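>>> could you work out the structure for the sequence below:
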Amino acid sequence: MANRPPCAVRTEVPARRAEVAESIPVLRPRLPSTDRLVAYLRRIDASRLYTNHGPLSTELENRLAHHLMLPPLGVTCASSGTAALTGAILAAAGHAAEPRTLALLPAFTFLIKHNPQPISGADRA
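So this is what the prediction gives:
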């Protein structure tokens, strides 16, 4: 270890203006202000339910169903994107069967070991 050269320390950030100027912002959410969220956070703390099936989750489902003119149980919250995709595939197409064995999914997604295609019986296209 004593024979190794000292590590170089980079003091400058490389200029990437050309790359930045051509980039397209993908993840720039427009979130509500903290002041608008405080009342909801207080309600969550008061109920002590920090997962699905709490009063705010149910209220969100009901308000979205009403806004989208769906029946009262026409919207449901999911605990993850994988659960949402699995539910959507199963609700729309059911389990995969010949001749429909493919599922089209967005390219910009996070794949995990147990993804929705095998659960629904579909192959990825």
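
>>> how's the chain carved up into domains?
32-77, 78-125 (automatic domain parsing).

>>> to Val26, which of these lies closest?
Closest of those to Val26 is domain 78-125, at 7.4 Å (criterion: CB to CB). (Glycine included, C-beta is placed from N, CA and C.)

>>> circling back: for Pro25, find the nearest of the domains of the chain.
Closest of the domains of the chain to Pro25 is domain 78-125, at 13.3 Å (criterion: CB to CB).

>>> quick one: mean pLDDT for the closest one?
Mean pLDDT, computed over domain 78-125, is 70.

>>> offset the numbering so it begins at 16, please.
OK, 16 is where the count begins now, so the last one is domain 93-140.

>>> ok, and the closest non-adjacent residue to Gly108?
I think there's a mix-up here, since residue 108 is Ala and not Gly. Arg115 (6.5 Å; CB to CB, 6 or more residues apart in numbering).

>>> kindly state the beta-bridge partners for the one you found.
Counting by DSSP bridges, Arg115 is bridged to Ala112.

>>> quick one: neighbours of it, just the number.
Arg115 has 12 neighbours, counted by other CB atoms under 10 Å.

>>> my guess is it contacts Ala107. True?
No - taking contacts as CB atoms under 8 Å, Arg115 lies outside contact range of Ala107: 10.9 Å.

>>> need the overlap of contacts for these two.
When contacts are counted by CB atoms under 8 Å, 6 or more residues apart in numbering, Arg115 and Ala107 have no shared neighbour.
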